[in-house]
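Peer 1: coords below, sequence missing:
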């Protein structure tokens, strides 16, 4: 539920956190009885709890398709990420992965922890895939084939230019955006979005992850694999790993800000994509990760801790985003507020300050022009939708938390 210190500092996090906790427990009780579907949904919860929460809002048929789509691509990504696999072994697996999903007997030992389990028991995913409708299968196969080929290309290719960076992100995330648009269309719930807008939805998320995960990726064993483009980082240091050393802190932050500014270019496409969605469940499914991305970028910007440890949004704020995101007005409000936070952190002496401010002001203008913002509105980030007495809510939910902890610790018969 988050640390006690964080809850005391942000008492309005408590209610969304409790709702999130109850939703997670509800999901655990809703695992399908069939062994292959039980494996898929249990595994989904292990590899991405937040995704498992958001996906539950979709209708059963579409939810099953998106679940399998996610697990297939997560398995493909596990092969790509495993630096212990020799290149001559890895390449044919990546290229042929779209065929393996039709074979319930296929599996490949790689990855660690839950990802190893996913790969060892991939036959469950294949079995579930074969039960999906033809339109869903074709969309998943198409994206898996294109993504595997793209990953194979970048196994043998460094990310040198910003164009390379965009191409890599297209293969590993932009195609996810295209695939989801195809699944929404196959479910006859949405019009088919343009490839450009679908691609931007994926790139915005992927670039945020690449920025946030610098330290984890650079320290990966047995060897690191990094996707920060040389065209950007070479302006600041001689080697990419130099960014993590304390003596290069000033240059590291400037490089980080350059990377964040590059990611900001996708914001308006993302808003355009989401504003066209009609189905409320699909809208929320798409909107929550995008708000999390702009929130994470606001946290990372000008923050040396990206090169020292883990930087991520506190769980209480994540719970708020999941709880409050219902309409496009909420998205405009969130993008406006997080852009304001990011804007307040811009140092006019930063080499990219002018470009950063220009992109932030542009997206804020889009949010204002939408008509969804009003002068008297409360902050999406700070305030609750209802007015609570902070002291009262803090005491009440601390008591509930103590009761919950006691009940959870009690023996069950």
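Peer 2: Yep, that arrived. Remember, it's a predicted structure, so these values are computed and weren't measured experimentally.
Peer 1: From here on, just use CA atoms for contacts and neighbour counts.
Peer 2: Noted.
Peer 1: What about residue 134, how many residues nearby?
Peer 2: Using other Cα atoms under 10 Å as the criterion, residue 134 is surrounded by 12 other residues.
Peer 1: And it, how far from residue 285?
Peer 2: Using Cα to Cα, to the nearest Å, residue 134 is found at 23 Å from residue 285.
Peer 1: and what of residue 271?
Peer 2: Look at residue 271 and residue 285: by Cα to Cα, they are 14 Å apart.
Peer 1: cool, and residue 225?
Peer 2: Distance of residue 225 to residue 285, given as Cα to Cα: 30 Å.
Peer 1: who has more neighbours, the two?
Peer 2: Under the criterion of other Cα under 10 Å, the comparison of residue 225 against residue 285 puts residue 285 first, with 21 against 18.
Peer 1: just checking, the more buried one touches residue 50?
Peer 2: No - taking Cα atoms under 8 Å as the contact criterion, residue 285 and residue 50 are not neighbours in contact, 10.5 Å apart.
Peer 1: mind checking the SS state of the closest residue in space to residue 100 that isn't next to it in sequence?
Peer 2: Distances taken as Cα to Cα, 6 or more residues apart in numbering put residue 106 closest to residue 100, at 6.2 Å, once the chain neighbours are dropped. The three-state label for residue 106, taken from DSSP: H, G, I helix; E, B strand; the rest coil, comes out as coil.
Peer 1: again, but for the one 5 residues further on
Peer 2: Judged by three-state DSSP, the three-state class of residue 111 is coil.
Peer 1: low-confidence ranges in the chain?
Peer 2: 1-11, 13, 15-17, 19-30, 375-413 (pLDDT under 70).
Peer 1: how does it divide up, domain by domain?
Peer 2: For the chain, whose domains are defined here by automatic domain parsing, the residue ranges read 1-13+192-394, 31-157.
Peer 1: Identify whichever of those lies nearest to residue 169.
Peer 2: Shortest separation from residue 169 across the domains of the chain is recorded for domain 1-13+192-394, at 5.7 Å, computed as Cα to Cα.
Peer 1: Distance from the chain centre to the closest one, please.
Peer 2: For domain 1-13+192-394, the distance from its own C-alpha centre to the chain's C-alpha centre is 11 Å (Cα atoms, centre = their mean, to the nearest Å).
Peer 1: Over to stretch 121-138?
Peer 2: Going by Cα atoms, centre = their mean, where stretch 121-138 is centred and where its chain is centred differ by 23 Å.
Peer 1: measure residue 84 to residue 158 for me?
Peer 2: 18 Å.
Peer 1: One more: residue 75?
Peer 2: The span separating residue 75 from residue 158 equals 22 Å under the rule Cα to Cα.
Peer 1: Looking at those two, which one has more neighbours?
Peer 2: Neighbours per residue, other Cα under 10 Å: of residue 75 and residue 158, the larger number sits with residue 75, 21 against 17.
Peer 1: Now do the SS call for residue 363.
Peer 2: Under the three-state scheme (three-state DSSP), the conformation of residue 363 reads as helix.
Peer 1: residues touching it, list them.
Peer 2: Residue 363 sits next to 267, 268, 335, 336, 339 when contact means Cα atoms under 8 Å, 6 or more residues apart in numbering.
Peer 1: top of these by neighbour count?
Peer 2: Among the contacts of residue 363, residue 335 has the most neighbours (other Cα under 10 Å), with 27 neighbours.
Peer 1: residues contacting it?
Peer 2: 291, 294, 363, 364, 367.
Peer 1: The stretch 101-250 of the chain: helices as residue ranges?
Peer 2: Secondary structure of the stretch 101-250 of the chain (DSSP state H, counting those that start in this stretch): helices located at 113-120, 123-129, 134-155, 162-169, 175-186, 195-212, 214-218, 230-233, 249-264.
Peer 1: Relative to residue 314, which of those is closest?
Peer 2: Relative to residue 314, the nearest member of the helices of the stretch 101-250 of the chain by Cα to Cα is helix 195-212, separated by 14.0 Å.
Peer 1: Buried residues, the closest one. List them.
Peer 2: Going by neighbour count (16 or more other Cα atoms under 10 Å), the buried part of helix 195-212 is 197-208, 210-212.
Peer 1: Closest to residue 165 out of these?
Peer 2: When those are compared for distance to residue 165 (Cα to Cα), residue 207 comes out closest, at 9.0 Å.
Peer 1: For that closest one, list the residues it contacts.
Peer 2: The neighbours of residue 207, taking Cα under 8 Å, 6+ apart as the test, are 169, 263.
Peer 1: Now with 7 Å, please.
Peer 2: residue 263 (Cα atoms under 7 Å, 6 or more residues apart in numbering).
Peer 1: What separation do you get for it and residue 244?
Peer 2: With distances taken as Cα to Cα, residue 207 is found 19 Å from residue 244.
Peer 1: Pull out the buried residues from stretch 318-325.
Peer 2: Residues of stretch 318-325 classed as buried: 318, 319, 320, 321, 322, 324, 325 (neighbour count, 16+ other Cα under 10 Å).
Peer 1: how close does the fourth one sit to residue 99?
Peer 2: This means residue 321. Distance of residue 321 to residue 99, given as Cα to Cα: 38 Å.
Peer 1: How about the second one?
Peer 2: Look at residue 319 and residue 99: by Cα to Cα, they are 38 Å apart.
Peer 1: Ok, the first one next?
Peer 2: Plainly put, residue 318 is 37 Å away from residue 99 if you go by Cα to Cα.
Peer 1: And the residue nearest to residue 100, how far from residue 95?
Peer 2: Taking Cα to Cα as the criterion, residue 106 is separated from residue 95 by 15 Å.
Peer 1: ok, those two, which is more surrounded?
Peer 2: Set side by side, residue 106 and residue 95 give different neighbour counts by other Cα under 10 Å, the larger being at residue 95 (20 against 15).
Peer 1: ok, and that one, which helix or strand is that part of?
Peer 2: helix 87-100 (DSSP states H and E).
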